[in-house]
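# Sequence plus predicted model, see below.
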Amino acid sequence: MSTNGQTAALSNELEIVKEAVRQEVEERPPTIGMIGVSGVGKSSTVNTLFRTNFATSDTTACTKAFQHKDVVLTFTGGKARGSQALLRVFDAPGLGESVERDPEYLAQYHQHLPSCDVIIWIMAARNRGLALDQRYPEELKSYHGRMVFGVNQVDLTEPMDWHPVVNGPSPEQERNIERIVQDRQEKLEQVLGRAVTVIPYSARARFNLQGFFTAIIEACPDDRRFLLQPQGLSS
């Protein structure tokens, strides 16, 4: 085959790959579900990670039903360079908001989580009571293989002397964050019966978001992970 023929064949192959990617994301976009107990910062985490505008509140629970946003992403590397893709992000109502609401919310979880490639369970760094964070994931066992655990609001960890210039914890804060992460890991592993990874971050301070997103990618099923590769996507 001549050089021109090889170039044409390669170009045709590239177009086939791009079309296959486009069809995949249009028909079944990569989907992330943000879940957890009420008040841990699920909506603010979604907004910070994916530049969405879900409603948030500092005083009362404002998310009453699963809602989603479709974020437009563009491949910037690899064979699919230049192609656009959709990332679907679900924000969920917080469990534990009230005895009356819980059955309704759990039913919503079981309705929507099967469609999620990755499920993110959010906890709050300053919340020492973890019974609910243990009990609810146990009830959602069928989704554990796709679940990532995050500890939000680490910038509010005692002694609350976060360094605003470098945007990071003080040495004492860092030690306390490490203890918090270890504590969460141990308590989750007690009820889940498997090793878990817990990622500390702060949506408000935009701290460790890259590490958090990397954990999301690693939890994605192998046959869907390429759709979330950070070196191939930009929002």
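Nice, thanks for sending it over.

# burial measure for Pro221, as a count.
11 (other C-beta atoms under 10 Å). Quick note: C-beta positions are derived from backbone N, CA and C, even for glycine.

# Report the central residue of the protein.
Ile120 (4.6 Å; C-alpha atoms, centre = their mean).

# Can you spell out which helices and strands pack onto the one helix or strand that residue maps to?
Secondary structure from DSSP states H and E places Ile120 in strand 118-124. Using 3 or more C-beta pairs under 8 Å, 6 or more residues apart in numbering; DSSP states H and E, the elements in contact with strand 118-124 are strand 31-36, helix 42-50, helix 131-139, strand 147-152, helix 209-219.

# Where among those is average confidence lowest?
Confidence, taken as mean pLDDT, is least for helix 209-219 of the helices and strands packed on strand 118-124 (a mean of 87).

# got a list of contacts for that helix?
The contact list for helix 209-219 (C-beta atoms under 8 Å, 6 or more residues apart in numbering) reads 32, 48-49, 118, 120, 146-148, 150, 197, 199, 201, 203, 225, 228-230.

# quick one on the thing from earlier: would you reformat the helices and strands packed on strand 118-124 as JSON lines and include distance to Lys64?
Formatted as JSON lines, the helices and strands packed on strand 118-124 follow (distance: least, C-beta to C-beta, whole Å):
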{"stretch": "strand 31-36", "distance to Lys64": "14"}
{"stretch": "helix 42-50", "distance to Lys64": "12"}
{"stretch": "helix 131-139", "distance to Lys64": "17"}
{"stretch": "strand 147-152", "distance to Lys64": "21"}
{"stretch": "helix 209-219", "distance to Lys64": "25"}
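
# Go through stretch 178-192 and flag the buried ones.
Residues of stretch 178-192 classed as buried: Ile180, Val181, Arg184, Gln185, Lys187, Leu188, Leu192 (neighbour count, 16 or more other C-beta atoms under 10 Å).

# Please apply the same query to stretch 116-131.
By neighbour count on 16+ other C-beta under 10 Å, the buried set for stretch 116-131 is Cys116, Asp117, Val118, Ile119, Ile120, Trp121, Ile122, Met123, Ala124, Ala125, Asn127, Leu130.

# And the strands in the chain, which stretches?
For the chain, applying DSSP state E gives strands covering 31-36, 67-75, 84-91, 118-124, 147-152, 198-200, 233-234.

# From Ile217, how far off is Arg225?
Relative to Ile217, Arg225 is positioned 6 Å away (C-beta to C-beta, to the nearest Å).

# now Leu188
Distance check for Leu188 against Ile217: by C-beta to C-beta, it reads 21 Å.

# And Gly94, by the same measure?
Using C-beta to C-beta, Gly94 is found at 25 Å from Ile217.

# tell me the contacts of Met123?
For Met123, the contact set (C-beta under 8 Å, 6+ apart) comprises Gly36, Val37, Val40, Leu130, Asp133, Phe149, Gly150, Val151, Asn152, Arg184, Val198.

# hang on, the earlier thing: just the buried residues of stretch 178-192: which are in helices?
Ile180, Val181, Arg184, Gln185, Lys187, Leu188, Leu192 (DSSP state H).

# The fourth one contacts Val198, doesn't it?
Yes - under the contact definition of C-beta atoms under 8 Å, Gln185 touches Val198, with a separation of 5.1 Å.

# about what we covered before: would you turn the strands of the chain into a markdown table with distance to Pro164?
Converted to a markdown table, the strands of the chain look like this (distance: least, C-beta to C-beta, whole Å):
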| stretch | distance to Pro164 |
| --- | --- |
| strand 31-36 | 26 |
| strand 67-75 | 29 |
| strand 84-91 | 28 |
| strand 118-124 | 21 |
| strand 147-152 | 18 |
| strand 198-200 | 18 |
| strand 233-234 | 27 |
